[in-house]
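Novice: Here's my sequence, what's the structure:
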Amino acid sequence: MSLRSKILLTLLGVAGLYALLDNGILRFFATRSFAAWELDEAEDRLEQVKRAYEQQASELRSKCAIWAHRDDVLRLVTGGGVESIAPDLGPEALEASGVDFLYLCAPNGKVLWRSIRQPSDTGPLRIDVLPSEALNSQHFLLRYRDEDVSGLVQSDRGPLLVSSQPVRDPQGKGLSEPEQGLRRALHGVVILGRFVDEEFLSRLVARRESGRTASPRVDDASLELSITPENMLGDAGNASPERAELIANLHAGEKEFAAEVGSDGRLHVFHLIPDVRTGESLVIEGSTEREIYGRGLRYVRYALLSTLASALFLLLVMLRLLQGIVIRPLGSLTRKATDIGRTDDTTIRVGLRRKDEIGQLAAEFDRMLDKLAHSRSQVVRTARLAGMSEIATGVLHNVGNVLNSVNVSANLIRAKLEQLPVADLTRLAAVLREHERDLSAFVHQDPRGKHLVPFLAELSAALSAEKEALRAEVRVLESGIGHVADLVRSQQTFAGTRGVFEYASLEHEVEAALVMCEQAMGKFEDVEIVREYEELPSIQVDKHKLLEILVNLIQNARQALEGVHGRPRRLTLRIRRPGEGRARIEVEDNGVGIPEENLTRIFRHGFTTKKDGHGFGLHVSANAATEMNSRLGVRSEGPGRGATFHIDLPFEAPVLVAA
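Specialist: Okay, here's the model as predicted:
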């Protein structure tokens, strides 16, 4: 796996872990906060519903008191006729007063007048807690000791909001003093009530919303309200243990309101109101969707998305920064190291100019490569010298063995030459010179002359034998000398065709050749040197042969510029890529130029146009180029128009086979 992938996966893991932890912490604390906020809001809503109910009960009590002080009602309960006030006590009057039913009863509970506003049906309406004929003298609405009786009562038609007020005669006429003291001229009871139905409950909620200041924290959610006897709370009258515990806490007075999250996922808030008939509790239950909690969860999810988006943005920024600061430099360093390992090219450099640790690493890497290149150059030079020494040792050893036999032959030849009868020939010549005039008589008549012919025959035979012996030794000597020549020739051939190919920077080699030429010929102060170097990778060459060729070409160009007068002298050194897989070095001058007929002759051995030239330089350079699997060429537009020499080099070194 690449470093980039590891960094990316690590950053993704960190961002994901951070997002999960942040969301978990936020969910743990925020949801609790939203749940508490929602509970407070729900209790506040139910408390306002309670206030709206109390306001409704107070309004009903006030209306009941007004009815109880009406003169027509007093006349009715004191025995007046019903017909005269019936239109004022009908359903229209109830609707105008905002009540659902009206009972006018005598002190003993007899119903004198009964009017009920039908909610929906047209048949007779009966209410179990309010008989149509007469109320029991102990009826809860006939508690005369109280000024009034108001509150909720459970009936067969559901909860009822009722209020009763005594109808009194302010003057107490017709009553004895004990009765006046006990009942204060009580003539009857007015009972008003309302059905606690859906319409009533909706009005409670509507009045709550219209009568309160809008909360700046959250919009009002829909509130479903119900009033249920405690023994009927829950499914089939059985409340859950949690809900039963909440109701028990309300009975204990620990809290005025209690809340729970029901199985339906809604928030339920409870408050107890006593039944004015039985004294048992009626439960006001408000149910609402968990708007605040749901909104909190949405906020948490939005926060998660925001965190993920922020983490992704930071991830991209960090990845971008790491790409520029770490990954790209390390990638470049890795590629350079890989190229060096694959090509064995020690001229490659990273070249990062940074002041941080990566820059120091790159600088140390380049410094290590410099040392490695220097060490390798030393090893190559040592290997070359060792090879030369080995070749010289072999040559000397073989030549020494042959020279032993050559030396023996030379000694034998010298000894035989010393043994030749040259003195006898000298004496014979002197004798013959003395008898030059009478040579015939001397040979035939003189005793010494008679030995002359046999002597010459013996001398001739001796000389012939010595000649053959000397010839044999000379042949041995020639064979030994030829063997020495063959040894030297074979070793020269073997050593000359095996070049050491190593990676080199062409720009570096051209500059090195230029420096060598300036050291040999002086600074090129009167020559404009133009460098046109295309950036090329290092190639494998025999650096010594390439340097030899470049020095020769630059020297020739410098000499060609010496014949230029009246115009600037310019030497152009160019490195470019003429085609795939090859590099070209060009040495161009605007000197004396080359005639067309000489373009094909200048590389021949011994050809030169210089007075002091020997015609070896370009010939040797062409041979060296051929040995490197390269080609040396020239072009010129004629005399006075300069010339361009070029050498084409392959990027890959040739495969050499020893001769």
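
Novice: Gln56 sits in which helix or strand?
Specialist: helix 3-68 (DSSP states H and E).

Novice: Run through the helices of the stretch 301-450 of the chain in chain order.
Specialist: 328-343, 357-418, 422-434, 439-445, 447-450 (DSSP state H, counting those that start in this stretch).

Novice: For the third one, what does the pLDDT average out to?
Specialist: So that's helix 422-434. The predicted model gives helix 422-434 an average pLDDT of 77.

Novice: what's the answer for the shortest one, then?
Specialist: The average of the pLDDT scores along helix 447-450 is 73.

Novice: Going forward, the N-terminal residue is numbered 126.
Specialist: That works, and once the first residue is 126, the last one we named lands at helix 572-575.

Novice: which ones are touching Tyr178?
Specialist: Leu286, Leu329, Ile398, Ile409 (CB atoms under 8 Å, 6 or more residues apart in numbering). For the C-beta atoms, the positions are set from N, CA and C on the backbone; glycine is no exception.

Novice: Narrow those residues to those in helices?
Specialist: Leu329 (DSSP state H).

Novice: okay if I get the contacts of Tyr178 as a markdown table plus neighbour count, distance to Asp549 and pLDDT?
Specialist: What follows is these, written out as a markdown table (neighbours: other CB atoms under 10 Å; distance: CB to CB, whole Å; pLDDT from 0 to 100):
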| residue | neighbour count | distance to Asp549 | pLDDT |
| --- | --- | --- | --- |
| Leu286 | 23 | 181 | 93 |
| Leu329 | 24 | 171 | 80 |
| Ile398 | 17 | 175 | 89 |
| Ile409 | 24 | 170 | 88 |
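
Novice: List just the nearest of the contacts of Tyr178 to Phe770.
Specialist: Leu329 (110.5 Å; CB to CB).

Novice: Please name the nearest non-neighbouring residue to the closest one.
Specialist: Leaving aside its sequence neighbours, Leu329 sits nearest to Ala177 (CB to CB, 6 or more residues apart in numbering; 4.6 Å).

Novice: next one: Asp273
Specialist: Asp273's closest residue in space is Gln290 (CB to CB, 6+ apart), at 4.9 Å.

Novice: After the helix or strand Lys592 falls within, which helix or strand is next?
Specialist: Lys592 is part of helix 577-621 when elements are defined by DSSP H and E. Downstream of helix 577-621, the first helix or strand assigned by DSSP H and E is strand 626-629.

Novice: separation between Val652 and Arg129?
Specialist: 51 Å (CB to CB, to the nearest Å).

Novice: More neighbours: which of the two?
Specialist: Taking neighbours as other CB atoms under 10 Å, Val652 and Arg129 compare with Val652 leading, 19 against 16.

Novice: Next up, the contacts around that one.
Specialist: Contact partners of Val652, counting by CB under 8 Å, 6+ apart, are Arg683, Leu686, Arg694, Arg695, Leu696.

Novice: how close does the second one get to Leu724?
Specialist: Counting by CB to CB, the gap between Leu686 and Leu724 amounts to 19 Å.

Novice: Tell me which of these two has more neighbours.
Specialist: Ranked by neighbour count (other CB under 10 Å), Leu686 and Leu724 place Leu686 first, with 21 against 15.

Novice: hang on, the more buried one packs against Asn715?
Specialist: Yes: counting by CB atoms under 8 Å, Leu686 touches Asn715, with 7.5 Å between them.

Novice: which neighbours do the two share?
Specialist: Shared contacts of Leu686 and Asn715, defined by CB under 8 Å, 6+ apart, comprise Arg694.

Novice: Can you give me the domain assignment for this protein?
Specialist: 166-415, 521-621, 626-775 (automatic domain parsing).

Novice: From one end of stretch 716-728 to the other, what's the distance?
Specialist: Start-to-end span of stretch 716-728 (CA to CA, to the nearest Å) is 19 Å.

Novice: Same check on stretch 570-578?
Specialist: This stretch, stretch 570-578, spans 13 Å end to end (CA to CA).

Novice: who does the helix or strand hosting Val394 pair up with?
Specialist: Taking DSSP H and E as the criterion, the element that holds Val394 is strand 392-399. The strands beside strand 392-399 in its sheet (DSSP bridges) come out as strand 383-386 (antiparallel), strand 406-413 (antiparallel).

Novice: Between these, which one is closest to His560.
Specialist: strand 383-386 (166.4 Å).

Novice: looking at the domains of the chain, which has the lowest confidence?
Specialist: Taking the mean pLDDT of the domains of the chain, domain 521-621 comes last: a mean of 72.

Novice: SS state for Leu229?
Specialist: Secondary structure for Leu229, judged by DSSP: H, G, I helix; E, B strand; the rest coil, is strand.

Novice: Over to Leu696?
Specialist: When classified by three-state DSSP, Leu696 comes out as strand.

Novice: Next, count neighbours for it.
Specialist: When neighbours are counted by other CB under 10 Å, Leu696 registers 23.

Novice: and the gap between it and Glu653?
Specialist: 7 Å.

Novice: what does Arg558 give?
Specialist: Counting by CB to CB, the gap from Arg558 to Glu653 is 84 Å.

Novice: higher neighbour count, these two?
Specialist: Ranked by neighbour count (other CB under 10 Å), Arg558 and Glu653 place Glu653 first, with 12 against 9.

Novice: how far away is the more buried one from Met646?
Specialist: 16 Å.

Novice: State the helix or strand in which the residue nearest to Asp273 lies.
Specialist: Applying DSSP H and E as the criterion places Gln290 in strand 283-293.

Novice: what's the answer for Phe649, then?
Specialist: Phe649 belongs to no helix or strand, assigned by DSSP H and E.

Novice: Next one: it from Lys735, what distance?
Specialist: Taking CB to CB, one finds Phe649 at 19 Å from Lys735.
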